[in-house]
Structures are given as C-alpha cells and as structure tokens.
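1. Dropping the sequence and predicted coords here.
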Amino acid sequence: MGSYRLHPPQSGLAWEVADVKVLQQRLLAGTHAVVTGAGSGIGQGICVRLAELGAAVTGIGRTDSALQRTAELVARTQGNFQWFSADVRDCAQVRSVISEASAELGMDLLVNNAGGQFYAAADEISDKGFRSVVDLNLNAVFTVISEAKQFLARRGGSIINISLSGVERGSVGLTHSLAARAGVLAMTKTLALEWAHLGIRANCVAPGVVISDSLPGAIASDLRDRVVPESVPAGRPTPTADVAELVAFLATPAGRMITGQLLQIDGAAHLGRGLHMVDNWPPGEEGGE
Ligand SMILES: CCC/C=C/C(=O)SCCNC(=O)CCNC(=O)[C@H](O)C(C)(C)COP(=O)([O-])OP(=O)([O-])OC[C@H]1O[C@@H](n2cnc3c(N)ncnc32)[C@H](O)[C@@H]1OP(=O)([O-])[O-]
Ligand SMILES: NC(=O)C1=CN([C@@H]2O[C@H](COP(=O)(O)OP(=O)(O)OC[C@H]3O[C@@H](n4cnc5c(N)ncnc54)[C@H](OP(=O)(O)O)[C@@H]3O)[C@@H](O)[C@H]2O)C=CC1
C-alpha cells in the first residue's frame, strides 16, 4: 500500500521568482482605487502595487501613523495616494469618507480588506464578541459597498472582498469570522448578479497564510515553521505581492468577464486539512508551543 504525506517544496521550480510583478507598467493609469485596512499587511501591499501601476489610491484605516507609512511607501514608487482615518464599522463616518474620496474621481476598484478576528472555540465566544467580528467582517463590507455603488457605476468598477481560505468548508476557532465571510461570499455572488448590467463586478479573493509584518512574532514563527508545512500542500505561505497582483489583474479589462467568483490563493490549503486543523493553534494557548 502506498501512502501520501505533504512534501516540502522542491527547489528550482520555474515559478520560484522573487518578483511576481507581471502586469504591464501604468496599466491602471487613470483609475481610482479605494482600499480599506490600508495601513498594514495585505492592504498596504495592495495600495503600493496599485499606485505603482498608475492608479490613484485612497486608503482607509483607523491609525494615522500606519496610513502615513503606506503613504511613504507609495511615494517611493512615484505613486498617488491619499488616506482617510475612519472606522469602517462607523457607518456615517465611512460613508462620508467614501463619498469625499470619490465625488470627483469616481471609483474603478474597491478592495474591502479591513478585517480580522480573534481565535476562540465557538463556546468561548460571547454574544458581544460574535457581533464585533461580524460587524467588522460583514456589516461594514455592506456599508462600504452600498456607499461606493454610485461611484463604481459611473464607469463600471470592480469590487474585491478579501476573504479567508477555507471559507466554504469551515475552520476551527473561527465561527464568527467564517460566518461573516460566508455572508460576504453570498453578498458578492448576489451583487455580481444584481449589478452586472452596470458593469460592476464583484469577487472574493481568499488568501491562505500570509505572513505579514503586522502578525505578532510568535504567531508568524508558528505559521512559518508548523502551520504551513502541515497544512499547505504547496509548502509555502502566500506572499502579499501575489495577492496584490491578483487584485490588480481583476481590476483590468482582462478581468471583465470574471465576476461572482471565490479565488482562493493558498497553495491548495482549502483542499487539504485546512489552515486551522493543526494541533495547538494558535501558539501560546493551553498545551501550545
Ligand atoms: C492562518 C492565518 C490566517 C490569518 C487570518 C487573519 O485574518 S490575519 C488578520 C490579523 N488581524 C486581526 O485579526 C485584527 C485583530 N483583531 C481585532 O482587532 C479584534 O479581535 C476585533 C476587531 C475582531 C474585535 O475588536 P473589538 O474592538 O470590537 O473587540 P473588543 O476588544 O471590544 O471585544 C469584543 C468582544 O470580543 C471578546 N473577545 C476578544 N478577544 C477574545 C478571545 N480571544 N476569546 C474570546 N473572546 C474574545 C471580548 O471579550 C469582547 O466580548 P465581551 O467579553 O465584552 O463579551
Ligand atoms: N494574514 C493572513 O494570513 C490572512 C489575512 N486575511 C485577511 O486579510 C485582511 C488583511 O489582513 P492582514 O493584512 O493580514 O492583517 P492586518 O491586521 O495587518 O490588517 C488589517 C487592517 O485592517 C484595519 N482595520 C481593522 N479594523 C478596522 C476598522 N474597524 N476600520 C478600519 N480599518 C480597520 C487595520 O488597521 P487599523 O487597526 O489601524 O484600523 C489593519 O490595517 C483581513 O481581512 C484578514 O482577515 C485572510 C487570509 C489570511
């Protein structure tokens, strides 16, 4: 009888390149993109790449210093970036910011990236904890999209909702977040239908493990050394740059027929045992490390 186990990635593969920038320079010139959660991690990487491709980018987040850092990174690419400090869970505040940013420019791309959760078993999540996570990862996405619609409809824009690998199958410790993200997936498919005639497309991009600077060191090490080898068939984390390139591609005319999709960018993690079906996750919990 044969057996199969996850193998570490083979070296020398053709796609083992440091720089995944494959899109034509200035491809997004003349477009306006709005990105939430723009001050760190995936959102920051998306802002920098979109600006490098020529888009005027508006970033939204709660921490001025983080958004300022994104502005500095964009400036190095000669890109165009403005930012607004706002909490996406504050409906009035975020609606006002979306309108102000897009009144003149319109909007060609909206990336709902702000999100997150704490890890806890379902029976350890209070009503307030559940609602907090759903508010951030589902309700706020609806508010932002509904305000953005009028601007996206001017030229036919693209909505990208950042999701989580495994959203369709479940994952331990994430009842609240996956309930919210499954809601976003259903919303995405519904909007793809309702707004297709306006040229508005809506897709979910679901990364696997992205080890960004914003993750605490212990979590980042555990992801790299244990979670990825045990649960990602490709044996690698997902680089932020790969997510950014996919988001940018979906905003181009080459993506014009792609709508209502869930694109999991995770090295097949969603087909395997799942990112969170590893023992003692997250590290530092009882029995962990
Ligand atoms: C493999 C890698 C995949 C990575 C995926 C990523 O997404 S990486 C993305 C990385 N980035 C992030 O994930 C972002 C970081 N996450 C956050 O900022 C927050 O967790 C939040 C935004 C989700 C909630 O914010 P908030 O200000 O609304 O929250 P609050 O403080 O006011 O608490 C509300 C309720 O939640 C309760 N509660 C809290 N923790 C726990 C717990 N561990 N246990 C149980 N319960 C917990 C708390 O007790 C309270 O309920 P109570 O006791 O009053 O009934
Ligand atoms: N890292 C990973 O492995 C994966 C991440 N994801 C998802 O990708 C997205 C980005 O994650 P990542 O970059 O890793 O994490 P970060 O924590 O670095 O990014 C989240 C960003 O959202 C902002 N944010 C959080 N709450 C709010 C709010 N209420 N209003 C406005 N902005 C807010 C944060 O800034 P501030 O606190 O200053 O407002 C922060 O910049 C999230 O949705 C995450 O769940 C999905 C799969 C894997």
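-> That came in fine, so what should we check first? Numbering: from 1, shown residues only. Ligands and ions are numbered 1, 2, ... in the order given.

2. Pull up the per-residue confidence for A202.
-> Here, the pLDDT recorded for A202 equals 98.

3. Wait, it touches A192, no?
-> Yes: the pair A202 and A192 passes the contact test of C-beta atoms under 8 Å, sitting 4.6 Å apart. Every residue, glycine included, has its C-beta placed from N, CA and C.

4. any shared contact partners between the two?
-> Contact with both A202 and A192 is made by residues 259-260, according to C-beta atoms under 8 Å, 6 or more residues apart in numbering.

5. Looking at these two, which is more packed in?
-> Using other C-beta atoms under 10 Å, the more surrounded residue of A202 and A192 is A202, with 27 against 18.

6. Give the helix, strand or coil label for that one.
-> In three-state terms, and counting by DSSP: H, G, I helix; E, B strand; the rest coil, A202 is strand.

7. which bits of the stretch 1-150 of the chain sit near ligand 1?
-> 116-118, 120, 124-126, 128-129, 132-133, 136 (C-beta under 6 Å from any ligand atom).

8. Mind doing that once more with 5 Å?
-> Contact residues (C-beta under 5 Å from any ligand atom) of the stretch 1-150 of the chain with ligand 1: 116-118, 120, 126, 128-129, 132-133, 136.

9. Looking at those, point me to the pair that's furthest apart.
-> Spanning the widest gap among those are G116 and S126, at 17.1 Å by C-beta to C-beta.

10. so where's the stretch 151-289 of the chain shaky on pLDDT?
-> For the stretch 151-289 of the chain, applying pLDDT under 70 flags the ranges 284-289.

11. Quick one: the strands in it, in order.
-> In the stretch 151-289 of the chain, the segments counted as strands under DSSP state E, counting those that start in this stretch are 158-162, 201-207, 262-265.

12. Ligand 1 versus A148, what's the distance?
-> Separation of A148 from ligand 1 (C-beta to the nearest ligand atom, to the nearest Å): 22 Å.
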